[in-house]
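**Q** Build me a model:
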Amino acid sequence: MEASLMRMRTNSGSIARRRGFLALVIGTMACLFVFTPTASAHGTIVDPASRAYQCWRDWGSHHMDPAMQQQDPMCYRAFQANPDTMWNWMSALRDGLGGNFQGSTPDGQLCSNGLARNNSLNSPGQWKSKTISNNFTMHLYDQASHGADFFRVYISKNGFNPATQSLGWGNLDFIMQTGRYPPATDITFNVQTSGYTGQHVIFTIWQASHLDQTYMWCSNVNFG
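**A** Presented below is the predicted three-dimensional model:
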């Protein structure tokens, strides 16, 4: 009887220790989950929406919906390739480019900002597009309020087909570079163009102010 009680006490202690260890692991993981996104939070162009943001905005809350495969095949393929591309739509950055954007970003990798984990964003296809006029407003949402040294805006040349061609530097018309913007959650600026019709890609470079951090995105639009 005494031996049985001793075994029960030993087993109870072992179970308690395992529960305590499990609680510690869960607590640590919970802290990482809570604090990591805040530490890595940045921003993106939300209007006209960058490709990753459009997928997250439209499908993030129901990303397992089989309807996505038919209704939005480009987002479906991107989610299948790497869901992190959409979940981290705000963190597509590279450090230390020193302004050498073209030399640091090969043709065909512009829409992913040269990040292998976001390579699905470079795929040509029927990305969802927003109809805009030749004079339009761009909107950056920045969770961390970094501000901007500048934005550069390019538009794909007439004759470029985003449904069948991946984007290279030679496919772009340079439109404008803005001045500096102070730290803010929302930054908007106007873009004036002429002569564009139909489906195009707006390629935007954001040079953040707090560090040498560069963001590049593609937004699909239809000039109506």
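**Q** Helices of the protein, start to end?
**A** 2-40, 51-59, 68-71, 73-81, 84-87, 101-104 (DSSP state H).
**Q** now the last one: mean pLDDT?
**A** When you say that, I think you mean helix 101-104. For helix 101-104, mean pLDDT is 96.
**Q** repeat for the third one
**A** Helix 68-71 shows an average pLDDT of 96 in the prediction.
**Q** Check the first one too.
**A** For helix 2-40, mean pLDDT rounds to 40.
**Q** How about stretch 173-186?
**A** For stretch 173-186, the per-residue pLDDT averages 97.
**Q** Distance from the chain centre to it, please.
**A** In terms of Cα atoms, centre = their mean, to the nearest Å, the centre of stretch 173-186 is found 18 Å from the chain centre.
**Q** Quick check: end-to-end length of that stretch?
**A** Counting by Cα to Cα, to the nearest Å, you get 26 Å between the two ends of stretch 173-186.
**Q** again, but for stretch 189-202
**A** Terminal-residue distance, stretch 189-202 (Cα to Cα): 14 Å.
**Q** so for it, what's the average pLDDT?
**A** Here stretch 189-202 scores 97 as its mean pLDDT.
**Q** How far off centre is stretch 56-65?
**A** 14 Å.
**Q** List the buried residues for it?
**A** The neighbour-count check on stretch 56-65 (16 or more other Cβ atoms under 10 Å) flags 56-59, 63 as buried. Where you see a C-beta, it was placed from the backbone N, CA and C, and this is true even at glycine.
**Q** which residues touch it?
**A** 46, 49, 68, 72, 75, 79, 83, 86-87, 89, 128 (Cβ atoms under 8 Å, 6 or more residues apart in numbering).
**Q** Go again with 10 Å.
**A** For stretch 56-65, contacts defined as Cβ atoms under 10 Å, 6 or more residues apart in numbering pick out 44, 46, 49-50, 53, 55, 67-68, 71-72, 75-76, 78-79, 83, 85-90, 128.
**Q** Just the buried ones from the residues you listed, in PyMOL syntax?
**A** Per 16+ other Cβ under 10 Å, the buried members of the contacts of stretch 56-65 correspond to this PyMOL selection:
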select buried, resi 44+46+49+50+53+55+68+72+75+76+78+79+85+86+87+88+89+90
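**Q** ok, now which ones touch residue 215?
**A** Residue 215 neighbours (Cβ under 10 Å, 6+ apart): 42-45, 50, 90-94, 113, 140, 142, 146, 148, 151, 204-208.
**Q** try it again with 6 Å
**A** 92-93, 206 (Cβ atoms under 6 Å, 6 or more residues apart in numbering).
**Q** ok, what's across the strand from the nearest residue to it once chain neighbours are set aside?
**A** Using Cβ to Cβ, 6 or more residues apart in numbering and skipping the chain neighbours, the partner closest in space to residue 215 is residue 206 (4.3 Å). With DSSP bridges as the criterion, residue 206 is bridged to residue 151, residue 215.
**Q** And for residue 156?
**A** In beta-bridge terms (that is, DSSP bridges), residue 156 pairs with residue 172.
**Q** Just the pLDDT at it, thanks.
**A** Taking residue 156 on its own, its pLDDT is 98.
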